[in-house]
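1. quick one: sequence plus predicted model below, questions after.
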2 protein chains.
Amino acid sequence: MKLITRDTDYAIRALRYIAAHKDSIVSVAELVDRLKIPRPFLRKLLQILNKEGLLESIKGQGGGFRLCCSARKIYLVDLMKIFQGDLTLNECRFKKLLCPNTKTCLLRKRLNRIEKYVIKELKSITLASLIGEADE
Amino acid sequence: MKLITRDTDYAIRALRYIAAHKDSIVSVAELVDRLKIPRPFLRKLLQILNKEGLLESIKGQGGGFRLCCSARKIYLVDLMKIFQGDLTLNECRFKKLLCPNTKTCLLRKRLNRIEKYVIKELKSITLASLIGEADE
DNA sequence: GACAAATGATACCATTGTGGTATCATTAGA
DNA sequence: TCTAATGATACCACAATGGTATCATTTGTC
C-alpha cells in the first residue's frame, strides 16, 4: 500500500520544477528533459492540473505552463485528491454497505486515530515546503 | 487508498470470532453463518492463516480451526504482511529503481515521518485488543 | 498567410491487484 | 464405508494503475 501513487508523484516532481522556475514558462519538452518522465503521460498529468486550476497553460509556440498561484497555497492533499480520490484510509465497507458496527468496532477506533494523524500531517505539506521554501 | 484490504479485514473478523471462542473448534460453516463471508473465499483465507502458522486446523468430521497461540501474540501487522505484503507506505521507485535522491528529497522526509508513526501504531494492535481483552 | 511549435481532448491499451469461484484430493469421526 | 470436514490448486472478472496514440486547436515567427 502506498501513500502516493505515481500520478501524484510525477505531478509533484513537475510542480516542484515549475515552482522553482516561477519566472518563466516551462514547456513539456523542458520537463521531459529534466525529469525523465514519459512525455505523453506527463502531458496528461499537466492537462489535468490545468483543468483543476493548479496550473495555467499558454498555448502556441513558446507556450507551456506556470503555477496558477503561490507554491505556498498548493497542498499535497489537493494533488492526492485529484489523482487518488478522497483520502479515506479507513472506510469500512461490508458488501458494498458501510459496515454497521463502525461505532463499536475496536479495530475502526484504532485505525481512525491513525487516519486522523496521517491526514493532519499531509494537510500541512505545501508545494513550497517541498522545494525548501518556508511556508510563510 | 485503504490501510487494510478485504482479505485482511475478513481474516480479522474470522480470527476475532475464533479467539472469542477459544475453547472450541470453530468450523468454516459456523464462521460463514456468523460472519456472512462468502464460504470459498473464507476457506482460502483460513487455509493461508493455517499455512502461516496463525491457525491450527483439525481435519475430518467435527474438524475446524483454533488459534495457534494466545490472541495477545497475534499482531495486526502480521496479518497485513501476509495478505498485503510488506508495509511500506513510502517506497519511492522511479522507473523500477529505488529513487536515487531519497536522502535529499523533502517529500520523502515528510512521508517517512508519517510512515514511522503509522507502523508504530499498527504494531501495537493485537488480536486480543480487538476483542476487548487487555494486552497483558 | 503558412508553417511549426506548443497545448487540448480523447480514446485506447497492458499489467497488476483485488475479490472472488470451482474442483478435486485428503483426512478422520460415526 | 459414508460423510463431514479441511488441503491444494487453478481459474476468473473487474477495477485501478501506468501508461500510449492520435487528432484538434492555438499562437508566435518568418
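-> On my side now, so go ahead.
2. surely residue A:64 meets residue A:55?
-> No. Counting by C-beta atoms under 8 Å, residue A:64 stays clear of residue A:55, with 9.6 Å between them. For every residue, glycine as well, the C-beta is placed using N, CA and C.
3. lowest average confidence, helix or strand, in chain A?
-> strand A:97-98 (a mean of 70; mean pLDDT, DSSP states H and E).
4. how deep is residue A:45 tucked in, by neighbour count?
-> By other C-beta atoms under 10 Å in any protein chain shown, the residues close to residue A:45 number 24.
5. confirm it sits in a helix?
-> Yes. Assignment of residue A:45 by DSSP: H, G, I helix; E, B strand; the rest coil places it within a helix.
6. show me which residues of chain A are close to DNA strand C?
-> Residues of chain A lying close to DNA strand C by C-beta under 7 Å from any atom of the strand are A:1, A:27-29, A:43-44, A:46-47, A:50-51, A:57-65.
7. just the buried ones from the residues you listed, in ChimeraX syntax?
-> Remark: buried members of these, expressed as a ChimeraX selection using 16 or more other C-beta atoms under 10 Å in any protein chain shown:
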select /A:1,28,46,64,65
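8. overlap between the residues of chain A next to DNA strand C and the residues near chain B?
-> By C-beta under 8 Å from any C-beta of the partner chain, the members of the residues of chain A next to DNA strand C lying near chain B are residue A:1.
9. so which of the residues of chain A next to DNA strand C belong to strands?
-> Within the residues of chain A next to DNA strand C, residues falling in strands by DSSP state E are A:57, A:58, A:64, A:65.
10. dump the residues you listed to CSV, plus distance to residue B:15.
-> Formatted as CSV, those follow (distance: C-beta to C-beta, whole Å):
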residue, distance to residue B:15
A:57, 53
A:58, 58
A:64, 55
A:65, 51
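11. just those now: which is nearest residue B:109?
-> residue A:65 (26.4 Å; C-beta to C-beta).
12. what's around the closest residue to that closest one other than its chain neighbours, how many residues?
-> Leaving aside its chain neighbours, residue A:65 sits nearest to residue A:55 (4.7 Å; criterion: C-beta to C-beta, 6 or more residues apart in numbering or on different chains). Close neighbours of residue A:55, defined as other C-beta under 10 Å, add up to 24.
13. is it correct that residue A:55 is in contact with residue A:71?
-> No. Residue A:55 lies out of contact with residue A:71 (C-beta under 8 Å); the separation is 11.8 Å.
14. common neighbours of these two, please.
-> Applying C-beta atoms under 8 Å, 6 or more residues apart in numbering or on different chains, one finds that residue A:55 and residue A:71 are jointly contacted by residue A:15.
15. was I right to think residue A:31 contacts residue A:15?
-> No. Assessed by C-beta under 8 Å, residue A:31 is found out of contact with residue A:15, at 10.1 Å.
16. how about low-confidence regions in chain A?
-> By pLDDT under 70, the weakly predicted segments of chain A are A:95-97, A:136.
17. what residue is smack in the middle of it?
-> When C-alpha atoms, centre = their mean is applied to chain A, the residue found nearest the centroid is residue A:79 (2.0 Å).
18. neighbouring contacts of stretch A:112-130?
-> A:3, A:12, A:15-16, A:19, A:70-77, A:80, A:87-90, A:134-135, B:3, B:106-107, B:110, B:113-114, B:117-118, B:121-122.
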